[in-house]
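Novice: Show me how the following folds:
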Amino acid sequence: MAAGDPRAPRLYLASGSPRRAELLAQIGVPFSVLRAPGIDETPFDGEAPRDYVERMAREKAAAGQSGAPPGAPVLGADTAVVLDDRILGKPADDRQALAMLEALNGREHRVISAVCLRVGEAHRLATSETGVCWRRVPTERLRAYLATGEGRDKAGAYGIQGLGAALVASVTGSYSGVVGLPLAETVSLLEWAGVPYWQ
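Specialist: Below is the predicted model of the structure:
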C-alpha cells in the first residue's frame, strides 16, 4: 500500500519499553502500545543467547496478539547484553548492577536484539548482533554512573542512548539494536506486512 494510505495496517507494539516506542516514532511508524506481555523470561538450561533472544521476541509477539484486533500486525522484541556467552539481564539491585558494570569495564561484549512481527498465524523474525567496546574507567566512575539510576531497568545495567554513552569507545553493528530495536531489520518486517513508516 502507498504511504499515507488509510487502509494501511496500524502496528501494535507488544512492549513496555519507552526506547522501542521512541525508535518507532523516530521513523514515523503509526503504532499503538500494548500492555507488556506477562511471560516467563527465564532462559532455558543451556540455551544459547541468540536462541533465547529470538524465543523471547516470538513469545512476546504471540502474547501481544491477545490485546490487538484480530489480524493486526503485532511486534515483539527482545534484547540481551552478552559477555563471554553469559546473558546480563536487568540488575536485581545496585550490587548486581555494579558487578555487571565492572565485568563490562574495558571489554567488548555483544548485544543481540531480535524482532518478531506477527500477522494472524504468519510471522517473521529478524535478528541483529552488535559488538560494543567499553572504555576502561576507574571504579569510582562506575559508581558515579550507578548513582544516576539510569541503568537500573536496562539489560547490562547501562543505556547507550543516555549517560552510559560516555562508557562506550566503539560500536560495530546496529546502534539502534543496542538501544533495543534494530531499525534496519524492523523496517524489513514492516515492509513485509505492509505497515507504513515515514508518516
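
Novice: okay, CA-based contacts and neighbour counts for the rest of this
Specialist: Will do.

Novice: Quick one: the strands in the chain, in order.
Specialist: For the chain, the strands defined by DSSP state E cover 11-13, 31-33, 73-83, 86-88, 108-119, 122-134, 168-172.

Novice: which residues touch the most centrally placed residue in the chain?
Specialist: Centroid-nearest residue in the chain: residue 180, 2.5 Å away (criterion: CA atoms, centre = their mean). Shown in contact with residue 180 (CA atoms under 8 Å, 6 or more residues apart in numbering): 19, 20, 77, 78, 79, 113.

Novice: do the same with residue 106
Specialist: 133, 134, 135, 136, 137.

Novice: Can you redo these as CSV, where the extra columns are neighbour count, distance to residue 193 and pLDDT?
Specialist: Formatted as CSV, the contacts of residue 106 follow (neighbours: other CA atoms under 10 Å; distance: CA to CA, whole Å; pLDDT from 0 to 100):
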residue, neighbour count, distance to residue 193, pLDDT
133, 19, 35, 98
134, 21, 37, 98
135, 16, 40, 97
136, 16, 43, 98
137, 13, 45, 97
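
Novice: give me the low-pLDDT residue ranges for this protein?
Specialist: Within the chain, the stretches with pLDDT under 70 are 1-7.

Novice: the helices in it, which residues?
Specialist: Here the chain has its helices, by DSSP state H, at 18-26, 49-64, 94-104, 139-148, 175-179, 183-193.

Novice: Residue 11: which of those is closest?
Specialist: Each of those was scored for nearness to residue 11 using CA to CA, and the closest is helix 183-193 (8.6 Å).

Novice: how about the closest one: buried residues?
Specialist: 183, 185, 186, 187, 189, 190, 193 (16 or more other CA atoms under 10 Å).
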